[in-house]
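*Asks:* sequence below, structure please.
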Amino acid sequence: MNVCDSGDLLPVEQAIDQLLAQAPSPPSTEVVPLAQALGRVTAEEVFSPLDLPGWDNSAMDGYALRAFDVPEQGGYLVLAGRIAAGQCSDVPLLAGQTVRIFTGAPLPPGADSVVPQERCRVYGERIWCPPLRLGEHVRKRGEELQRGQRVMSAGKRLRAQDIGLLAAAGIPRVKVYRPLRVCLLSSGDELREPGEPLARGQIYNSNRHLVAALLRGWGVEVLDYGVMADALATSRDALLLASSECDLLLTTGGVSVGEEDHLKQAIQALGSVAFWRLAIQPGKPLAFGAVAGKPWIGLPGNPSAALVTAMVVVRPFLLRAQGAERVLPVPISVVAGFEWLKPNKRRQYLRARLNPGVDGQLRAVLHPQQSSAMLTAACWADGLVIVEREQQVLKGAPVPFLSFADFA
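*Replies:* Purely as a prediction, here's the structure:
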């Protein structure tokens with residue numbers, strides 16, 4: 001019996017597991033320069049063509065020397081040269097000598113340690129150096145990467161630091177999956193675009209802009225099909241056209257059980273509905289199925305419900321469909337700065353802000369308005385506190401927290 005017909009609510013983790021198990025194969029691949037690789041997913045392993053760093057070099061501005069030449073109580077060495085970043089010296093360092101060196105410059109032959117300049121005293125050509133450990137302040141050749149070592153695994157969603165490491169290894173381009181094409185459709189005769197006049201009973205279409213912004217942040221190519229009229233034939237035609245031009249369909253609104261919501265009927269006429277109601281708050285009326293062979297996800301119409309379900313449930317599916325391996329954020333544990341004494345049959349995602357306590361621990365405090373229809377709390381919040389089904393939260397107890405930054 002179908003979940004949406006049984007009256008049961010599907011647990012969130014089961015819904016995510018079902019979605020990930022049915023994620024389509026990743027799109028085709030392309031090779032892009034690093035400047036275009038942010039947020040893209042690697043389609044193959046990447047290996048370093050060189051040692052990084054390529055030579056022993058100084059981690060500080062200071063003096064390169066042989067640690068053996070400095071007595072236990074410190075001593076004087078003779079200044080024998082200067083090496084700036086971008087320069088090198090093939091002249092071996094002799095016993096009792098030191099060389100002025102700058103951060104990143106290669107050590108001269110024979111040198112094995114560096115003393116920071118602020119720890120030394122300069123007397124003309126004589127430099128007093130304090131005692132030091134062998135190898136101090138030296139970056140060894142291949143310390144970060146060795147030639148042939150894997151730099152990136154396949155299925156890695158590239159961040160700024162990943163691109164920086166690829167650049168440091170001298171890799172100018174990377175093979176990635178092309179962006180997923182997602183058709184975005186809104187449902188509701190009451191919707192109008194910002195800037196248009198409103199008649200009584202009409203509202204501005206916040207979900208269209210909210211969800212499109214989320215999708216673009218997840219590396220998705222958004223094909224915006226605007227608003228479908230609340231009519232079966234119109235919905236069916238719009239869905240059929242969209243399914244021919246995209247990898248996945250995403251709709252907002254029209255997934256409740258009201259008699260004016262024709263979206264479910266249109267989906268069933270063109271494909272199938274796998275599940276309809278989740279044990280999540282906000283966002284119970286989230287749906288998944290297929291339209292003409294393309295995956296379809298139906299987000300609820302209330303803005304906060306659309307936001308939470310898109311981040312918690314839809315994002316992992318979209319990332320997996322783009323070839324990413326790691327798709328689920330990991331919550332951290334924080335101290336509850338609130339009481340929540342209302343057990344619920346659904347897992348709740350409460351909009352919360354983190355405040356540091358006098359003891360240094362982060363405490364989560366809730367926005368007073370947790371309505372699924374309002375975005376004010378989400379704009380105020382740093383993230384989401386998770387309250388499991390049939391659970392209460394006492395002030396001071398640990399609670400799991402997902403930062404909005406984890407959903408980028």
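*Asks:* confirm residue 318 sits in a helix?
*Replies:* Yes - according to DSSP: H, G, I helix; E, B strand; the rest coil, residue 318 belongs to a helix.
*Asks:* check what pLDDT it gets.
*Replies:* pLDDT recorded at residue 318 is 97.
*Asks:* try residue 259
*Replies:* 44.
*Asks:* and for the one 10 residues further on?
*Replies:* The predicted local distance difference test score for residue 269 is 86.
*Asks:* show the contacting residues for it.
*Replies:* Residue 269 makes contact with 232, 236 under the criterion C-beta atoms under 8 Å, 6 or more residues apart in numbering. Every residue, glycine included, has its C-beta placed from N, CA and C.
*Asks:* quick one: it and residue 367, what's the gap?
*Replies:* 41 Å (C-beta to C-beta, to the nearest Å).
*Asks:* what of residue 122?
*Replies:* 60 Å.
*Asks:* in terms of neighbours, single out the busier of these two.
*Replies:* Between residue 122 and residue 367, residue 367 has the larger neighbour count (other C-beta atoms under 10 Å), namely 17 against 12.
*Asks:* I figured that one hits residue 375, correct?
*Replies:* No - judged on C-beta atoms under 8 Å, residue 367 makes no contact with residue 375 at a distance of 10.8 Å.
*Asks:* show me the residues around the nearest residue to residue 337 once chain neighbours are set aside that make contact.
*Replies:* Ranked by C-beta to C-beta, 6 or more residues apart in numbering and with sequence neighbours excluded, the top spatial neighbour of residue 337 is residue 363, at 3.6 Å. Applying C-beta under 8 Å, 6+ apart, we find residue 363 in contact with 334-337, 354-357.
*Asks:* average pLDDT across stretch 327-339?
*Replies:* According to the model, stretch 327-339 has a mean pLDDT of 96.
*Asks:* for it, what is the distance to the chain centroid?
*Replies:* In terms of C-alpha atoms, centre = their mean, to the nearest Å, the centre of stretch 327-339 is found 17 Å from the chain centre.
*Asks:* how far does that stretch stretch from start to finish?
*Replies:* 31 Å (C-alpha to C-alpha, to the nearest Å).
*Asks:* and what of stretch 28-45?
*Replies:* Per C-alpha to C-alpha, stretch 28-45 runs 16 Å from first to last residue.
*Asks:* can you check stretch 283-298 too?
*Replies:* 11 Å.
*Asks:* got the buried residues for that stretch?
*Replies:* For stretch 283-298, the neighbour count (16 or more other C-beta atoms under 10 Å) marks 283-291, 294-298 as buried.
*Asks:* next SSE downstream of the strand or helix carrying the residue nearest to residue 337?
*Replies:* Taking DSSP states H and E as the criterion, residue 363 maps to strand 362-366. Note on strand 362-366: by DSSP H and E, the next helix or strand toward the C-terminus is helix 376-380.
*Asks:* please name every helix or strand in contact with the following helix or strand past that following helix.
*Replies:* Next helix or strand after helix 376-380 toward the C-terminus (DSSP H and E): strand 383-387. With contacts defined as 3 or more C-beta pairs under 8 Å, 6 or more residues apart in numbering; DSSP states H and E, strand 383-387 has these neighbours: strand 347-356, strand 398-403.
*Asks:* alright, calling it a day.
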